[in-house]
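Asker: Here's a sequence, model it:
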Amino acid sequence: MLVGLLFANHEVEELFDARLAQQARLLLTLSGNIEKLDSNVNAISPLLIDEANTDPSVGHKYESKIFYQIWRDDELKIASDSMTLLQQEEDTDGYGNAIADHYQWRTFTLSQMAGNLKVMVAERSDVRGEIADQIVFQTLFPEILAWPILAFLVWAAVGFGLEPLQQLAQRIQKITPTKLEPIEMSSVPEELRPVKNALNGLLMEIDFLMEREKRWIADAAHELRTPLSILRVHAENAASAENEIERNQSLLQLTLGVDRSTRIVSQLLALARLEHQKTVIKTETDVLAISRSMIAGILPLAWKKHIEISLDVEDDKSWNCYVESNHIEILLQNLISNAIKFSPNESMIHVAWTQSGNQVELNVIDSGKGVNQDDLQRLTERFFRCGEVEGAGLGLSIVKNIVDKYQGSLFFKETKPNGLTVCVRLPVLSVIFDNQE
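Answerer: From the prediction side, this is the model:
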């Protein structure tokens, strides 16, 4: 505002200066016949403007504050009636300042060398300032008067427009870690709808992750409670054993219990990692090589029960597919371990890979007692145990999670005369990633 006032005042001052210059040029033109005037100073009187006898109702009160004087050969020839002789600070043409009768004057001097003429037009600076102030005030007063009104209207408009945003902020402030409910609003502007939807999506994702973490902790606590209690019993038995044989037996059971607890924790961690991983990595994997490696590594467990494991593949097929190698390893380890666990001593387990079109099929066939029809539907449930065989009930749940990540399928069928066949079908090559994209 201050800059605007200064700029407006400056422009008005320039307008007044331009008027002085225009008046001086007009007087200089009209004074072309000045040589006809009597050089006697007393003869000037008739040529002075009789301002006192003019009708005050005609004209303007500021007329008496604007004066002029015309000189020829440094002799005053014509002047305003109430003109006080002024002397510029610098005796040169153009704008200048002078002081007379205790007033500051703004002057403009113009000379004509041909007739030795000089014209000076002057205006009182205080009058100029008063007029300039009035012009600036009258120009800016409507704006000054309108500013509070405009400010109020802008404040009201912004407040009304931001009301939905304030409501949204209030809803967000009510969200707590224990209460991650979606934001519900009766009316949402189109501009805020994407923000609301994105926040609700984020809240749902956070709620899902927190629930999953709670479930994992609950699962871990549930599965480790009994093994840890058993470990304590074996440790107490070993400490209170009366002879070396009892102590060694308790220590052996303690070691087996530690192995079982370690296996449970490993499976829980593997399941948590699989659930957390939303996308699969494009890694070309030789499933045949991994199968051979996994079978070789798990054979000692099978030999304890005198179980043989065979690997059947079609030699003329290419077994490179885009499945992460660690996923294939986890899948094979759980399926073959389950088959060993449920197969009787001195039996056979078959691992077979076949390929048809855009799918590879893995079949793990054991020689166990099989599973009744009611239990077949529950085999992939967490912590579901079939029969009296020890286990955490997580192996097939982990397998199901891996299969789902690759848009595959998992199903079970009875093996004649006895046993169970676990069949896994996975899409290969670009099929998986075309579906993701």
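Asker: C-alpha only now, for contacts and for neighbours.
Answerer: Fine.
Asker: Now do the helices in the chain.
Answerer: Counting by DSSP state H, the chain has helices at residues 2-30, 125-173, 193-239, 244-276, 287-303, 325-342, 373-376, 395-405, 431-436.
Asker: Could you look over these and pick the most buried one?
Answerer: helix 395-405 (a mean of 21; mean count of other Cα atoms under 10 Å).
Asker: which strands and helices sit next to that helix?
Answerer: For helix 395-405, the packing partners by 3 or more Cα pairs under 8 Å, 6 or more residues apart in numbering; DSSP states H and E come out as helix 244-276, helix 325-342, strand 409-414, strand 420-427.
Asker: Out of these, name the one with the poorest average pLDDT.
Answerer: Ranked on mean pLDDT, the bottom entry among the helices and strands packed on helix 395-405 is helix 244-276, at a mean of 76.
Asker: What's opposite Val119 in the beta bridge?
Answerer: With DSSP bridges as the criterion, Val119 is bridged to Ile70, Leu110.
Asker: Hmm, Asp74 and it touching each other?
Answerer: No - at 10.7 Å, Val119 and Asp74 do not qualify as touching, with contact defined as Cα atoms under 8 Å.
Asker: Who has more neighbours out of these two?
Answerer: Val119 (25 against 10; other Cα atoms under 10 Å).
Asker: Return the distance of the more buried one relative to Ile336.
Answerer: 118 Å (Cα to Cα, to the nearest Å).
Asker: Check Arg425 too.
Answerer: 16 Å.
Asker: for Asn200, same thing?
Answerer: Distance from Asn200 to Ile336, by Cα to Cα: 43 Å.
Asker: Likewise for Leu28?
Answerer: Leu28 sits 119 Å away from Ile336, taking Cα to Cα as the criterion.
Asker: Check Asp101 too.
Answerer: Distance from Asp101 to Ile336, counting by Cα to Cα: 119 Å.
Asker: Please apply the same query to Asp133.
Answerer: For Asp133, the distance to Ile336 - Cα to Cα - is 99 Å.
Asker: same deal with Arg106?
Answerer: For Arg106, the distance to Ile336 equals 109 Å [Cα to Cα].
Asker: And Val403, by the same measure?
Answerer: 16 Å.
Asker: again, but for Leu203
Answerer: In terms of Cα to Cα, Leu203 sits 40 Å off from Ile336.
Asker: Just the mean pLDDT for stretch 121-134, thanks.
Answerer: pLDDT averaged over stretch 121-134 gives 78.
Asker: Least confident of the helices of the chain, on average?
Answerer: helix 431-436 (a mean of 43).
Asker: Surely Leu396 touches Ser337?
Answerer: No - with contact defined as Cα under 8 Å, Leu396 does not reach Ser337; the gap is 10.5 Å.
Asker: Just put the helices and strands packed on helix 395-405 in a markdown table and tack on distance to Phe67.
Answerer: Formatted as a markdown table, those follow (distance: least, Cα to Cα, whole Å):
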| stretch | distance to Phe67 |
| --- | --- |
| helix 244-276 | 93 |
| helix 325-342 | 103 |
| strand 409-414 | 107 |
| strand 420-427 | 104 |
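Asker: Looking at the ones you listed, spot the one closest to Ile295.
Answerer: Nearest to Ile295 among the helices and strands packed on helix 395-405 is helix 325-342; the distance by Cα to Cα comes to 8.1 Å.
Asker: elements contacting the closest one?
Answerer: Using 3+ Cα pairs under 8 Å, 6+ apart, helix 325-342 is in contact with helix 287-303, strand 359-365, helix 395-405.
Asker: now the ones you listed in JSON lines, with distance to Asp312?
Answerer: Putting these into JSON lines (distance: least, Cα to Cα, whole Å) gives the following:
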{"stretch": "helix 287-303", "distance to Asp312": "10"}
{"stretch": "strand 359-365", "distance to Asp312": "10"}
{"stretch": "helix 395-405", "distance to Asp312": "21"}
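Asker: do you know which of the ones you listed lies nearest Val195?
Answerer: helix 395-405 (29.6 Å).
Asker: quick one: Phe141 from Ala98, how far?
Answerer: From Phe141 to Ala98 the distance is 33 Å (Cα to Cα).
Asker: how many other residues sit next to Gly424?
Answerer: Heads up, residue 424 is Val, not Gly. 21.
Asker: So it sits against Leu410, correct?
Answerer: Yes - between Val424 and Leu410 there is a contact under Cα under 8 Å: 4.8 Å.
Asker: Name the residues contacting each of those two.
Answerer: Val403 (Cα atoms under 8 Å, 6 or more residues apart in numbering).
Asker: re the thing from before, closest one to Ala157 among the helices and strands packed on helix 325-342?
Answerer: helix 395-405 (51.1 Å).
Asker: gap between the closest one and the chain center?
Answerer: Counting by Cα atoms, centre = their mean, to the nearest Å, helix 395-405 is centred 35 Å from the centre of its parent chain.
Asker: what do you get for stretch 404-412?
Answerer: Per Cα atoms, centre = their mean, the centroid offset for stretch 404-412 relative to its chain is 37 Å.
Asker: And it, end to end?
Answerer: For stretch 404-412, the end-to-end distance is 15 Å (Cα to Cα).
Asker: Which positions within that stretch qualify as buried?
Answerer: Buried positions in stretch 404-412, judged by neighbour count with 16 or more other Cα atoms under 10 Å: 405-406, 408, 410, 412.
Asker: just stretch 355-372 next, same as before
Answerer: Buried, per 16+ other Cα under 10 Å, within stretch 355-372: 355, 359-371.
Asker: quick one: contacts of that stretch?
Answerer: Residues from elsewhere that reach stretch 355-372 (Cα under 8 Å, 6+ apart): 317, 335-336, 339-340, 342-344, 347-354, 386, 414-415, 418-429, 431.
Asker: residue contacts, the spatially closest residue to Glu123 that is not a sequence neighbour?
Answerer: Spatial nearest neighbour of Glu123, chain neighbours left out: Ile66 (4.7 Å); criterion: Cα to Cα, 6 or more residues apart in numbering. By Cα under 8 Å, 6+ apart, the contact set of Ile66 is 121-124.
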